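S.K.: build me a structure from this.
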Amino acid sequence: MKTGLLHVAEDRGGDARLDAAVQLARAFDLHLTGAQAAPLSAYAMADPFGGVYPSVKLFTEHEKRQDATRAAVEARLRDEGVAFDWLRGVGSPATVLLDQSRLSDVIILSHLESDEGGWDAELDLVGDVRSPFACSDPLGAL
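M.R.: Numbers count the residues shown, from 1 in each chain. Now for the predicted structure:
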């Protein structure tokens, strides 16, 4: 293995994913790519008549949160001596991760429980990212 794709998000599983990514990077000398997703719903507001409008305020707030998360993750990876780069995609986390997964040997992600809530809740991220061509072993998705 040479490359790892790390799902970076502001959720309960973020620290565990980062710890696992650092351990994998050390064990296999992986180059990590931190991947952040910006779902379009993070920037949109709806009106009672069914209209959806982009919100500059929501966009700015979301970008600030993502920048802070990125800075913290990059600082940890630098401190750990792990080689990394970064990407930020627009769309659901599953879409962004799938788009990049073909270039990675391993994907580090976690299942978010149903009580996670919020606009960015991805209840079946692991299932959505798992390729139909992956091995049939259930541990192959870990």
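S.K.: verify the stated contact: residue 20 with residue 107.
M.R.: No. Residue 20 is beyond contact range of residue 107, at 11.0 Å (criterion: C-beta atoms under 8 Å). The way it works is simple: take the backbone N, C-alpha and C, and place the C-beta from them, glycine included.
S.K.: those two: which has the busier surroundings?
M.R.: residue 107 (22 against 18; other C-beta atoms under 10 Å).
S.K.: tell me what the more buried one is bridged to.
M.R.: residue 5 (DSSP bridges).
S.K.: same question, residue 36
M.R.: Beta-bridge partners, per DSSP bridges, of residue 36: residue 88.
S.K.: what's near enough to touch it?
M.R.: 8-9, 66, 69-70, 86-89, 96 (C-beta atoms under 8 Å, 6 or more residues apart in numbering).
S.K.: how about the strands in the chain?
M.R.: 3-7, 31-38, 44-46, 52-54, 84-90, 106-108 (DSSP state E).
S.K.: could I get those as JSON lines with distance to residue 60?
M.R.: Below are the strands of the chain laid out as JSON lines (distance: least, C-beta to C-beta, whole Å):
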{"stretch": "strand 3-7", "distance to residue 60": "23"}
{"stretch": "strand 31-38", "distance to residue 60": "12"}
{"stretch": "strand 44-46", "distance to residue 60": "13"}
{"stretch": "strand 52-54", "distance to residue 60": "11"}
{"stretch": "strand 84-90", "distance to residue 60": "15"}
{"stretch": "strand 106-108", "distance to residue 60": "29"}
